[in-house]
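*Asks:* coords please:
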Amino acid sequence: MSEQSAAEDIPGEYADALPEYAERVLDVAERIPPGRVMTYGDVAEWLQEGGPRQVGRVMSLYGGAVPWWRVVRADGLLLPGHELRALAHYRAEGTPLREAARSAEGHLPRLDMRRARWDGGAGAEGHI
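*Replies:* Numbers count the residues shown, from 1 in each chain. Here you go, the predicted structure:
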């Protein structure tokens with residue numbers, strides 16, 4: 001289990017406060033430009049703390065208020081259970097996609113990671 005606590009584990013007076021690491025992860029998610037993505041590992045590397053699993057945990061617990069669809073799996077697969085919502089965002093933002101092969105389950109496209117991945121440059125204010 002990660003060092004971060006689930007919201008229900010936070011004492012009452014601090015229930016509305018986010019753990020500092022979670023705030024930092026969510027700040028990175030908000031910096032990702034429309035039409036671009038970062039992997040969970042990219043975010044951890046940007047922060048120079050944690051790893052993909054810790055970033056994924058933060059996004060699953062607290063990511064609903066930020067552009068969660070911009071923090072993705074490294075293989076470009078759409079987030080299971082949220083594929084259609086994410087796909088609508090990707091299409092609206094012009095995120096590069098790779099069309100699915102006819103044999104692919106569900107015929108859902110993948111992210112074109114080579115073109116969609118953002119390195120934190122151009123417009124980034126530096127590491128947090």
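*Asks:* remind me which residues of this protein are low pLDDT?
*Replies:* Applying pLDDT under 70 to the chain picks out residues 1-17, 102-106, 122-128.
*Asks:* show me where this protein has strands.
*Replies:* For the chain, the strands defined by DSSP state E cover 38-39, 71-72, 97-98, 110-111.
*Asks:* just say which of these is most tucked in.
*Replies:* Greatest average neighbour count among the strands of the chain goes to strand 71-72 (a mean of 26), per mean count of other Cβ atoms under 10 Å. Every C-beta, even on glycine, is put in place using the N, C-alpha and C of the backbone.
*Asks:* what sits closest to residue 99 if chain neighbours are left out?
*Replies:* Spatial nearest neighbour of residue 99, excluding adjacent residues (Cβ to Cβ, 6 or more residues apart in numbering): residue 109 at 5.2 Å.
*Asks:* turn the strands of the chain into TSV, including distance to residue 80.
*Replies:* Output for those, formatted as TSV (distance: least, Cβ to Cβ, whole Å):
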stretch	distance to residue 80
strand 38-39	16
strand 71-72	12
strand 97-98	17
strand 110-111	13
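*Asks:* nearest to residue 91, of the ones you listed?
*Replies:* strand 97-98 (7.8 Å; Cβ to Cβ).
*Asks:* that older thread, now for the strands of the chain, which one comes closest to residue 18?
*Replies:* strand 71-72 (15.8 Å).
*Asks:* quick one: contacts of the closest one?
*Replies:* 28-29, 32, 37-40, 43, 55, 59, 63, 78-79, 111 (Cβ atoms under 8 Å, 6 or more residues apart in numbering).
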